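Student: sharing a sequence plus its predicted fold:
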Amino acid sequence: MLSIVVPAYNEGEHIYENLMTIDKALKAFTSDYEIIAVNDGSKDNTGAEAARAAHDNPNIKDFGYEVNRGKGGAVSWGAVNSKGDIVGFIDADLDLSPDFIKMYFEEMNASGADIVIGSKMHKDSKLEYPFARKVFSLCYYIMLKVLFGLKCHDTQTGLKLYRGSIIREIAPLRKIDGYAFDIELLALASKKKAKLIEMPVELNFTRGQSFGRIKMGDVWKMFTDTWKIWWNLKVKKSYFK
């Protein structure tokens, strides 16, 4: 079974249509799936629209809540409530097409990988992506390589698949709610000797500004949260006590 978690914050204008688009993409290659819509305490009508989608489509499950927890909290909540043998997550704005899920799903089954992630740095990726974010991604990659030694080039692309048994084990250990939760989960999975494969993406950036909704305060918090993960994992070794 395949579970796809869709974290959403203030996506009320598009969330109903986008959930249906994801459903169509999954239905094209499997009949055994669920879509877990997680309204992350949005201030608009995202919760109502996600609930409407769940009412109209039995493959969509509404796991939203009223108090904002951050993207890490939303993804983790969806993951621990999932039932799939494979659990993935994709950003609700669909900057990344859900059609790629089929390719990632097939690669995971063919290779025996435990994690398959999208990478903007993959040689076959096609990007319409602001230059500022390209520079940020490269700098962050260098930082993560030094701190964690992960065998991947891009941790922040919003399409990933995990073995369900792994993500449901490590998601409750998460300490970070913000954007750095991705590196936290990957670092925890690496400690479990999980096999990881990177795949190409086609990214059509829909936000008007270089960093979209990400503000400089978010960038700074991502930086400090990354160091917190390193401290907890490498120094305190507090995750698996």
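Tutor: Ah, there it is.

Student: return the helix or strand in this protein with minimum mean pLDDT.
Tutor: Lowest on mean pLDDT, DSSP states H and E among the helices and strands of the chain sits strand 126-128, with a mean of 70.

Student: show me where this protein has its strands.
Tutor: Secondary structure of the chain (DSSP state E): strands at 2-8, 33-39, 60-62, 86-90, 115-118, 126-128, 159-163, 196-199, 202-204.

Student: so can I have CSV of these showing mean neighbour count and distance to N109?
Tutor: To be clear about C-beta, it is placed using only N, CA and C from the backbone, and glycine gets the same treatment. As requested, the strands of the chain are exported to CSV (neighbours: other CB atoms under 10 Å; distance: least, CB to CB, whole Å):
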stretch, mean neighbour count, distance to N109
strand 2-8, 26, 10
strand 33-39, 26, 14
strand 60-62, 20, 23
strand 86-90, 27, 8
strand 115-118, 25, 10
strand 126-128, 12, 24
strand 159-163, 25, 10
strand 196-199, 19, 12
strand 202-204, 16, 22
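
Student: out of these, which is closest to F148?
Tutor: strand 196-199 (12.2 Å; CB to CB).

Student: partners of the closest one in the sheet?
Tutor: Strand pairing for strand 196-199, using DSSP bridges, gives strand 115-118 (parallel).

Student: neighbouring contacts of the partner strand?
Tutor: Residues from elsewhere that reach strand 115-118, judged by CB atoms under 8 Å, 6 or more residues apart in numbering: 96, 100, 104, 107-108, 125, 152, 154-155, 157-163, 166, 186, 189, 194-201.

Student: show me what contacts S31?
Tutor: S31 touches nothing, counting by CB under 8 Å, 6+ apart.

Student: right, I'll leave it there.
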